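Participant: heads up, no residue letters with this:
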């Protein structure tokens, strides 16, 4: 758009959503990004690279990479999660018949594949690392530019940050849908963590893995609360929350690193605030890369983009042969 375009039951995380109106006003009140007059625009990556502060990585950077051998970047090797896989025609027809006969709410059904699979993949990817393989561009920003330690716990903190960014938009959706999207994302996160504890960290005891899961759940709750407070108040509070969680409260942190992450967060939240419920719920979002900047839309440009979205979904809804799986009750005008 602006850029180039289960958790086990005892660990369930429940959040109290803000109302759509309040959340929207919150998004717009923080749209003070880099497009202000007389301020040179720099991407988060540029800010960090041009910093002259000599900050050494935390000692944990000497740890070994997460894995002993490269593994598939996907959580699951299931063919159904492959972007290139096509269902046989008879399965498609059967699925459409089931959806129509049982009058399934596709906006709830999509939460599993969109939030639990696609959006989780977006959240976990920036922190992924494999032995003897080059880091992705997003991972370079966090591990090389920000000098974060290459550990399992750090990967989790990077994932949490991105999930919280998505939570801010999910909580602006109608409650029953937004809550479902959040829960699917959290469920998938802890399913993945449990799998990685056994396969990558060589944890063989269920009791020990349960302790790890409880600890990660506590970290998730604390981070979400702190980031929410920062979003609701000011950049200084948000930077403090990022410093405590993402940087582990390190004393030798370069302030330019905090500024870069705050800018990265604000940029993505601003983009999310301009996406309709239906666009977001169907997976039409990707995180703004750290090496790109976001410009605030003019009212004219914003109106133009909204009109294109309206025309797109009106054409879909008005198709005489629209499939049951393509239907949605979510708004594309907000």
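Facilitator: Done, it's in. Computed from a prediction, not measured in an experiment: that's the story for all the values here.
Participant: which stretch of helix or strand covers residue 230?
Facilitator: helix 206-232 (DSSP states H and E).
Participant: continuing past that helix, what's the next helix or strand?
Facilitator: helix 235-245.
Participant: where are the low-confidence patches of the chain?
Facilitator: Residue ranges of the chain with pLDDT under 70: 1-40, 52-85.
Participant: quick one, helices of it?
Facilitator: 20-29, 44-49, 89-102, 106-113, 120-124, 137-140, 152-170, 175-199, 206-232, 235-245, 255-273, 277-281, 299-317 (DSSP state H).
Participant: list the contacts of the second one.
Facilitator: Translated: helix 44-49. Applying CB atoms under 8 Å, 6 or more residues apart in numbering, the contact partners of helix 44-49 are 141, 145-146, 256-257, 259-261, 263-264, 267, 290-291. For every residue, glycine as well, the C-beta is placed using N, CA and C.
Participant: quick check: ChimeraX command selecting the buried ones in those.
Facilitator: Entered in ChimeraX, the line below selects the buried ones among the contacts of helix 44-49, by 16 or more other CB atoms under 10 Å:
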select :141,145,146,256,257,259,260,261,263,264,267,290
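Participant: picking that back up, looking at the helices of the chain, which is nearest to residue 329?
Facilitator: helix 106-113 (5.7 Å; CB to CB).
Participant: what's the angle from the closest one to helix 175-199?
Facilitator: 20 degrees (axes from the mean of the first three to the mean of the last three CA atoms, to 10 degrees).
Participant: in helix 106-113, what's buried?
Facilitator: Buried, per 16+ other CB under 10 Å, within helix 106-113: 106, 107, 110, 111.
Participant: buried stuff in stretch 242-261?
Facilitator: Buried residues in stretch 242-261 (16+ other CB under 10 Å): 242-243, 245-247, 250, 253-254, 256-261.
Participant: oh, that last question was meant for stretch 180-199, not what I typed.
Facilitator: So for stretch 180-199, counting by 16+ other CB under 10 Å, buried means 180-194, 196-197.
Participant: run a quick neighbour tally on residue 216.
Facilitator: 22 (other CB atoms under 10 Å).
Participant: in contact with it, which residues?
Facilitator: 156, 190, 193.
Participant: what sits against the last one?
Facilitator: When you say that, I think you mean residue 193. 156, 212, 213, 216.
Participant: correct me, but the second one touches residue 206?
Facilitator: So that's residue 212. No - using CB atoms under 8 Å as the test, residue 212 is too far from residue 206 to be in contact (10.6 Å).
Participant: those two: which is more packed in?
Facilitator: Set residue 212 next to residue 206 and count neighbours by other CB under 10 Å: residue 212 wins out with 16 against 11.
Participant: give me the nearest residue to that one, chain neighbours excluded.
Facilitator: residue 197 (5.8 Å; CB to CB, 6 or more residues apart in numbering).
Participant: show the contacting residues for that neighbour.
Facilitator: With CB under 8 Å, 6+ apart, residue 197 has these contacts: 203, 209, 212, 213.
Participant: closest one of the buried residues of stretch 242-261 to residue 101?
Facilitator: For the buried residues of stretch 242-261, the nearest to residue 101 is residue 245 (46.7 Å; CB to CB).
Participant: give me the neighbour count for the residue nearest to the closest one when sequence neighbours are not counted.
Facilitator: Leaving aside its chain neighbours, residue 245 sits nearest to residue 223 (4.6 Å; criterion: CB to CB, 6+ apart). When neighbours are counted by other CB under 10 Å, residue 223 registers 21.
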